[in-house]
Structures are given as C-alpha cells and as structure tokens.
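**Q** make a model of this:
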Amino acid sequence: MLVFVDESGDQGLLGRFGSSSLFVISAVMFVDGADAFACSAAISQLQCNLLGTTDVEFKFNKSSRTMRCEFFKVVSEFDFLHVSIAINKQAFVSSELQMDAPFYRYACKLLLDVARPYLNNATVIIDGNGRRRFTREIQNYLRTKMNSEAKVIKRVSMESSHSNNLLQLADMVCGAVARSFRADKEDRFLYRRLLFRKELEVVVWPKK
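**A** Got it, this is the predicted structure:
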C-alpha cells in the first residue's frame, strides 16, 4: 500500500499574520502499486496536454477551475481513496497546543487515527516541499508509531512533489477538501463532488 500525505490552508496558527481558520490534512491511498503507477502516468500526460511540459506541478491554489476539473476527471478513473481531517484552529486558542510543535504533533495523531482502519503495511510518502516543521513532525510521529503498529505502517519518507505526481494528487485532493469549507467560494463543493467515489472520510475536528 502507498499513502501520499499533504496539508493545506495554514500559514500560521490562529491569530498570527496570514493564519487561516482551518488546517486540512489528507492521505491519498493506493492499495495496488500498479494503480499508483498508472495514475502517475496519466497525470504526466495531463501535464503535457494542459501545461505543455511535465516540469510544472499541479497545485490546487495555482490552478484554474477548468484545470482542476480536468485533473479530477482524469484521476477519478484510477483506484485510490482518501481520508482527510479539517481542524478548526479556534479550538486551540488558550491551549498549550497553540504552540507550533504540539499543534503539529496533534494534527499528525488525528490524521493517523482517521486513516488507521484503512492502512495495511503502508509506505507513507510526505511532501517534503512544505513547511519543514510540519513535515518533520508528521514524519517523526509516524515513525514512532511504526514500532507499535508495524502492520499498519512499514516505511515513512519525504519526497519532492515536483518529481512525484502522486504528491501532486494529494495536494489537489487536500485543496479540494479545504475549498469545500470556504463559504465565500462559489465552487466550494464542485471538486469534492467530482471525487465523491474516492472519499472515505472527511472529519471535522473538534466534532460538534
């Protein structure tokens, strides 16, 4: 099993400059390596068709509505599933978790709790292009859990999304989930509808 992890929507904790109200993390899962390879190849072909080169990444926040829709229509033909968690950072105000490291560790724990029932001997690949603190925290947390849950997680590594199409897929999926919580966006539900067959769980924390 291959699992690709990315996060979206946070430029800082709540109350800091540029901070968003939600922190969203997604895990995109392929049970079969052949399906993952085929999906990656299709993304490369789409890059050539839409962008004219494979040197430009698909990024949700940098893509047009047309490009996002075309991307999701293509990848939806392949066998992957995703779980996502959207954390309301208001819950961390006046909490020790407002500090960066505890917040990231807790985010990692929540993601693993949601994904655990679907993981089996998984190789987890994290986008190493994101904020270093987040990627280090989630990598260290998952590696720690490997000792007690060996059948769940086999290996954890970081890679560049520029050279890994399936990390770009995780970015796009995570972006779609994050967009669905934006009441100010008229396309907020469009992309999750295109991916509805791939969605196992989207959990909002804390639960109301």
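**Q** could you confirm Tyr106 falls within a strand?
**A** No: membership of Tyr106 in a strand is not supported by DSSP: H, G, I helix; E, B strand; the rest coil, which gives helix.
**Q** going forward can the numbers begin at 5, since that is how I track them
**A** OK, 5 is where the count begins now, so the last one is Tyr110.
**Q** check it and give its pLDDT.
**A** Predicted confidence (pLDDT) for Tyr110: 78.
**Q** same check on Arg20?
**A** pLDDT recorded at Arg20 is 47.
**Q** same question, Ser44
**A** Ser44 carries a pLDDT value of 97.
**Q** next, the contact list for it, please.
**A** Neighbouring residues of Ser44 by CB atoms under 8 Å, 6 or more residues apart in numbering: 168-170. (Each C-beta comes from the backbone N, C-alpha and C, glycine too.)
**Q** repeat that for Phe193.
**A** Going by CB under 8 Å, 6+ apart, Phe193 touches Ser184.
**Q** ok, now Leu6?
**A** So Leu6 contacts 33-34, 37, 40, 126-127, 129, 170 (CB under 8 Å, 6+ apart).
**Q** Arg159: neighbour count?
**A** For Arg159, the count of nearby residues is 12 (other CB atoms under 10 Å).
**Q** so which of the contacts of Leu6 are in helices?
**A** Applying DSSP state H to the contacts of Leu6, the entries found in helices are 37, 40, 170.
**Q** could you measure from the nearest residue to Arg72 once chain neighbours are set aside over to Glu205?
**A** Residue nearest to Arg72 in three dimensions, not counting chain neighbours: Tyr195, with 5.9 Å by CB to CB, 6 or more residues apart in numbering. When distance is defined by CB to CB, to the nearest Å, Tyr195 is 17 Å away from Glu205.
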